[in-house]
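Asker: structure of the sequence below:
(one chain, ligands or ions: 1)
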Amino acid sequence: MDYADPKKKNNFVGKILMAAILTALCILMLKQSPDFNPPTAFSRHEPGVTHVLVTGGAGYIGSHAALRLLKDSYRVTIVDNLSRGNLGAVRILQELFPEPGRFQFIYADLGDAKVVHKIFSQNAFDAVMHFAAVAYVGESTLDPLKYYHNITSNTLTVLEAMATRGVPTLIYSSTCATYGEPEKMPITEETPQQPINPYGKAKKMAEEIILDFHKNSNMSVMILRYFNVIGSDPNGRLGEAPRPELREHGRISGACFDAARGIIPGLKVRGIDYKTADGTCIRDYIDVTDLVDAHVKALEKARPGKVGIYNVGTGRGRSVKEFVEACKTATGVPIKVDFLPRRPGDYAEVYSDPTKIRNELNWTAKYTDLQESLQIAWRWQKSHLNGYGLSVAGGGGGGG
Ligand SMILES: NC(=O)c1ccc[n+]([C@@H]2O[C@H](COP(=O)([O-])OP(=O)(O)OC[C@H]3O[C@@H](n4cnc5c(N)ncnc54)[C@H](O)[C@@H]3O)[C@@H](O)[C@H]2O)c1
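Answerer: Residues are numbered from 1 along each chain as shown. Below is the predicted model of the structure:
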């Protein structure tokens, strides 16, 4: 008669039990391991969905770009180390787009190559908009190495991670500061790039790295060279909230609002003897809504193996005096203005020729109106006296 040996049976059950325990242990360990990430919508490509990594998306321009992308149904991941950006901006995006798989924020420093590679290995990006950067000309002259690290070296890291993971599209935030002070205006994309400060040089080097890499790659690359960015979300959800400690390096719009709020006694206009119509410097101001529109158009028109380099400006120069007058009208505050001698390193006149971007990307500045752009930004400033830290009751609404 054939019968089961109870010893053998016990052995078999014991083995099964042991295997089950070991498997459970492995799963537990894997789950607790920082490298284990269960698959999410962000970690896999989905037909019909474009997943865009927005570096520096907690900052001024990056947050506006993320908002526009989300509105246009893109999947968005922001990576930011919050060194200059605002968690408040991220929270607003999270509140507006809470659905799973729409938006995620990763707190990370692009200076940490290991972390960057890990982020790319855990997320299935279809495109990168690389905004993250320190971006003050004055600061760059005081601390140039910070700029070469943060701008040039970090761009190299992002590019390497993209290459390793085969991310096909890069939209790069560059600047008119890469041109320096060309004699001939307006500036076209063919104008020689001769930057005169570490900020412009670091951005130019980053462009060169991207272009050299591109020669042997099938990546789609769009380099956008912005002129002077102003304005904020017309619906008042986002604004520009630079760190108070960076005020001294700040841009003219920030100084104008600070003067209107009485944080600083007035505006200092440096240089009234330039060879311009009213003696003050001339700049090309572009509204952030137009700027992010250029990014979306660049993304739509990006093609494998192709490079596009575009100026993003209005093509119209406005003097500092005109800017100050527009600011006074927009804020309704009779801002005190002091006229001082020139600041070394300032260029007299800079404005773009936007013909190329109009012809190739079908983009023109539609929302830029110096006074209205400043008025929209002022509305946000007034209702967010402490930046993203504190909203004043009733603020944040209005606009078109
Ligand atoms: N604002 C302008 O007028 C202007 C003009 C031309 C070009 N740009 C370019 O546009 C981009 C965005 O500028 P912005 O005005 O929004 O500046 P911003 O300071 O508001 O935003 C930059 C963001 O990048 C983040 N960041 C910086 N270093 C980082 C790092 N190592 N890792 C992760 N995140 C990091 C900051 O925390 C911040 O949120 C920059 O590349 C800048 O050079 C801006």
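Asker: how about V269, secondary structure?
Answerer: V269 carries the three-state label strand when classified by DSSP: H, G, I helix; E, B strand; the rest coil.
Asker: check the burial of it by counting its neighbours.
Answerer: Neighbour count of V269, defined by other C-beta atoms under 10 Å: 20. (Each C-beta comes from the backbone N, C-alpha and C, glycine too.)
Asker: give me the distance between it and the ligand.
Answerer: Distance of V269 to the ligand, computed by C-beta to the nearest ligand atom, to the nearest Å: 18 Å.
Asker: try Y199
Answerer: 7 Å.
Asker: V350 is in contact with G317, correct?
Answerer: Yes: taking contacts as C-beta atoms under 8 Å, G317 lies within contact range of V350: 7.3 Å.
Asker: between the two, what contacts are shared?
Answerer: Residues touching both G317 and V350 (C-beta atoms under 8 Å, 6 or more residues apart in numbering): 185, 282-284.
Asker: what subset of the residues you listed is buried?
Answerer: Buried members of the shared contacts of G317 and V350, scored by 16 or more other C-beta atoms under 10 Å, are 185, 282-284.
Asker: looking at those residues, which one is closest to the ligand?
Answerer: Using C-beta to the nearest ligand atom, the shortest approach to the ligand within those belongs to R283, at 9.8 Å.
Asker: which residue is the nearest non-sequential neighbour of that closest one?
Answerer: Spatially, and ignoring its direct neighbours in sequence, R283 is nearest to N228 (4.8 Å; C-beta to C-beta, 6 or more residues apart in numbering).
Asker: need phi/psi at V54.
Answerer: Main-chain torsions, V54, degrees, to the nearest 10: phi -110, psi 100.
Asker: next, the contact list for the residue in the stretch 251-400 of the chain that the ligand sits nearest to, please.
Answerer: Per C-beta to the nearest ligand atom, R251 is where the stretch 251-400 of the chain lies closest to the ligand, at 6.1 Å. R251 is in contact with N228, counting by C-beta under 8 Å, 6+ apart.
Asker: ditto for A241
Answerer: Going by C-beta under 8 Å, 6+ apart, A241 touches 60, 86, 88-89, 384, 387-388.
Asker: where do the helices sit along the stretch 51-200 of the chain?
Answerer: For the stretch 51-200 of the chain, the helices defined by DSSP state H, counting those that start in this stretch occupy 60-71, 87-96, 113-122, 137-142, 144-147, 154-165, 198-214.
Asker: which of the ones you listed comes out lowest on mean pLDDT?
Answerer: Mean pLDDT is lowest for helix 137-142 among these, at a mean of 93.
Asker: tell me the secondary structure for K366?
Answerer: Criterion first, three-state DSSP; result for K366: coil.
Asker: how close does it get to E189?
Answerer: The gap separating K366 from E189 is 21 Å, by C-beta to C-beta, to the nearest Å.
Asker: could you do T55 as well?
Answerer: From T55 over to E189 (counting by C-beta to C-beta), the distance is 23 Å.
Asker: neighbour count for the two, which is higher?
Answerer: Neighbour count, other C-beta under 10 Å: between T55 and E189, T55 has more, with 27 against 18.
Asker: need the contact list for the more buried one.
Answerer: Here T55 is in contact with 62, 78-80, 110, 128-132, 158 (C-beta under 8 Å, 6+ apart).
Asker: that one bridge partners, please.
Answerer: In this structure, T55 bridges to V79, H130 when assessed by DSSP bridges.
Asker: what sits closest to G138 if chain neighbours are left out?
Answerer: Per C-beta to C-beta, 6+ apart, closest to G138 is H249, 4.4 Å.
Asker: residue contacts, that neighbour?
Answerer: Residues counted as contacts of H249 (C-beta under 8 Å, 6+ apart) are 136-139.
Asker: circling back to that earlier point, the contacts of T55: which ones sit near the ligand?
Answerer: 62, 80, 110, 131-132 (C-beta under 6 Å from any ligand atom).
Asker: ok, and the most crowded of these?
Answerer: Neighbour max across the ones next to the ligand among the contacts of T55 (other C-beta under 10 Å) = A132, 30 neighbours.
Asker: pLDDT at it, what is it?
Answerer: 99.
Asker: pretty sure D353 contacts N311?
Answerer: Yes: with contact defined as C-beta under 8 Å, D353 reaches N311; the gap is 6.6 Å.
Asker: intersection of neighbour lists for the two?
Answerer: Taking C-beta under 8 Å, 6+ apart as the contact rule, D353 and N311 both touch 187-188.
Asker: can you lay out the contacts of A241 as a markdown table showing distance to the ligand and neighbour count?
Answerer: Below are the contacts of A241 laid out as a markdown table (distance: C-beta to the nearest ligand atom, whole Å; neighbours: other C-beta atoms under 10 Å):
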| residue | distance to the ligand | neighbour count |
| --- | --- | --- |
| Y60 | 4 | 24 |
| N86 | 7 | 23 |
| G88 | 11 | 19 |
| A89 | 8 | 29 |
| H384 | 15 | 22 |
| G387 | 11 | 18 |
| Y388 | 11 | 19 |
